[in-house]
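Chemist: no sequence on this one, just coordinates:
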């Protein structure tokens, strides 16, 4: 018990001695005085500027969201165009195939060959074939991009705004 009492007295004595040490006078520089004097005015001016800019920023964000929705709709229109090309190819292929399988085959067509062989292949069928292959490759990407832009236009707007500041 004596040891605890002596130890606590020494601790108390060391605290009293350390507390009585003087702290040297600190001098305030001119920059600190200017900051102290004008910091309130600077903060108020900054807050007023932010309050004035906020409506314009909100309008700008709304426009960016509308732009992203327009991009999504454009990609959806591309998907519809790809589907039209694909169905146009099947319509043209079936038209030529029906002519070749009918009893009245025109003279310029050869009934012994398929729709893509020799003179049977028309320019329209070849062009639609190439376009349908390209559209089959691009369709999933455009559809994904269209749905993501239409589901989350705000996210793409924020992403576009961040890209402006890079």
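Modeler: Thanks, I have the structure now. Keep in mind that what you see is a predicted model, and the values were worked out from it rather than measured.

Chemist: after the helix or strand hosting residue 149 comes which helix or strand?
Modeler: Taking DSSP states H and E as the definition, residue 149 sits inside helix 123-151. Next along the chain after helix 123-151, taking DSSP H and E as the criterion, comes helix 153-164.

Chemist: Go through that following helix and flag the buried ones.
Modeler: The neighbour-count check on helix 153-164 (16 or more other C-beta atoms under 10 Å) flags 153, 156-157 as buried. Backbone N, C-alpha and C define where each C-beta goes, glycine included.

Chemist: Give me the angle between it and helix 123-151.
Modeler: Relative orientation of helix 153-164 versus helix 123-151 (axes from the mean of the first three to the mean of the last three C-alpha atoms, to 10 degrees): 90 degrees.

Chemist: most centrally placed residue in the protein?
Modeler: Centroid-nearest residue in the chain: residue 156, 3.0 Å away (criterion: C-alpha atoms, centre = their mean).

Chemist: What pLDDT is listed against residue 8?
Modeler: pLDDT for residue 8: 61.
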